[in-house]
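Novice: Sequence isn't available, so here's the structure alone:
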């Protein structure tokens, strides 16, 4: 049976969405998918994803990631622990840092992690005419040509430091975050996508509500707020960039 992992909600008010994005250069779209397909995708993320780890400790450092099968190696485990310590140090010194669980959709396809699996199907949907056409219509950017993506889970003590996503030369035009976390996320659990002005004041924050798609033109200063140790579940999402090349 063919999986329906990504069926767009047919009742979206595209004209209003486009007007709001043009005004603010960012947007949150509620109920982006049909409820059935969103819940199936969430179940896959929560119950059937071999999560790896991704970290970066310093704006000038290279990001590091390890797929799930490598994490069973003790030497790799020790390396991860050391990199986590370095992310704390970088963040304390006001440098860029992040850490989260991750499963790269693009890398999964390129390296054949799960041929024909759900994330390969999902990446196809993200690059299909239905979704890219909606994104061109809402953003007003006709040049959008493709999407990349990562599945992520921001669990306790995970965060994404303030940064700009300024890779315009690589074709990045729009950043997106498709939230797939639990229905009743609570504000004290963090995981908000937040935007800052030049003074560091927060201009806008989006709760990671289930089945919502956040879009914003890059570059914009933003972050994902720290998920505290008492958060009962992770902040699940599919995120990446819509590119013009």
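Specialist: Everything's here; your move. What you see is a predicted model; the values in this text were computed from it and never measured.
Novice: CA only for contacts and neighbour counts going forward, please
Specialist: Will do.
Novice: Low-confidence bits of this protein, can you list those?
Specialist: Counting by pLDDT under 70, the ranges of the chain that qualify are 1-3, 166-169.
Novice: Beyond the helix ranked longest in the chain, next helix or strand please.
Specialist: In the chain, taking DSSP state H as the definition, the longest helix is helix 74-92. Once helix 74-92 ends, the next helix or strand along the chain (criterion: DSSP states H and E) is strand 97-104.
Novice: helices and strands around that next one, which ones?
Specialist: Secondary-structure packing of strand 97-104 (3 or more Cα pairs under 8 Å, 6 or more residues apart in numbering; DSSP states H and E): strand 52-57, helix 74-92, strand 150-154, strand 159-163.
Novice: out of these, nearest to residue 126?
Specialist: Minimum separation from residue 126 across these (Cα to Cα) falls at strand 150-154, 11.4 Å.
Novice: partners of that closest one, with directions?
Specialist: Applying DSSP bridges to the sheet, strand 150-154 is found paired with strand 97-104 (antiparallel), strand 235-243 (antiparallel).
Novice: what angle sits between it and strand 52-57?
Specialist: 80 degrees (axes from the mean of the first three to the mean of the last three Cα atoms, to 10 degrees).
Novice: Now do the helices in this structure.
Specialist: Shown for the chain, the helices assigned by DSSP H span residues 14-24, 35-47, 74-92, 105-111, 118-126, 129-139.
Novice: Can you report how many residues lie near residue 191?
Specialist: For residue 191, the neighbour count with other Cα atoms under 10 Å is 29.
Novice: cool, and the one 5 residues further on?
Specialist: Under the neighbour criterion other Cα under 10 Å, residue 196 is assigned a count of 17.
Novice: Dump the helices and strands packed on strand 97-104 to JSON lines, plus distance to residue 126 and mean neighbour count.
Specialist: Formatted as JSON lines, the helices and strands packed on strand 97-104 follow (distance: least, Cα to Cα, whole Å; neighbours: other Cα atoms under 10 Å):
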{"stretch": "strand 52-57", "distance to residue 126": "22", "mean neighbour count": "22"}
{"stretch": "helix 74-92", "distance to residue 126": "31", "mean neighbour count": "15"}
{"stretch": "strand 150-154", "distance to residue 126": "11", "mean neighbour count": "23"}
{"stretch": "strand 159-163", "distance to residue 126": "23", "mean neighbour count": "22"}
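Novice: Which one of the ones you listed lies nearest to residue 27?
Specialist: So among these, strand 159-163 is nearest, using Cα to Cα, at 18.4 Å.
Novice: and the closest one, how far from the chain's centre?
Specialist: A distance of 12 Å separates the centroid of the chain from that of strand 159-163, by Cα atoms, centre = their mean, to the nearest Å.
Novice: what lines up beside it in the sheet?
Specialist: Short version: by DSSP bridges, strand 159-163 pairs with strand 97-104 (antiparallel), strand 222-224 (antiparallel).
Novice: Pick the most buried one from those.
Specialist: Compared across the strands paired with strand 159-163, strand 97-104 shows the largest average neighbour count, a mean of 24 (mean count of other Cα atoms under 10 Å).
Novice: Residues contacting it, please?
Specialist: With contacts defined as Cα atoms under 8 Å, 6 or more residues apart in numbering, strand 97-104 is touched by 49-59, 67, 84, 87-88, 90-91, 149-155, 158-161.
Novice: what do you get if the cut-off is 7 Å, keeping everything else the same?
Specialist: Strand 97-104 is touched from outside by 51-58, 87, 90-91, 149-155, 158-161, with contacts defined as Cα atoms under 7 Å, 6 or more residues apart in numbering.
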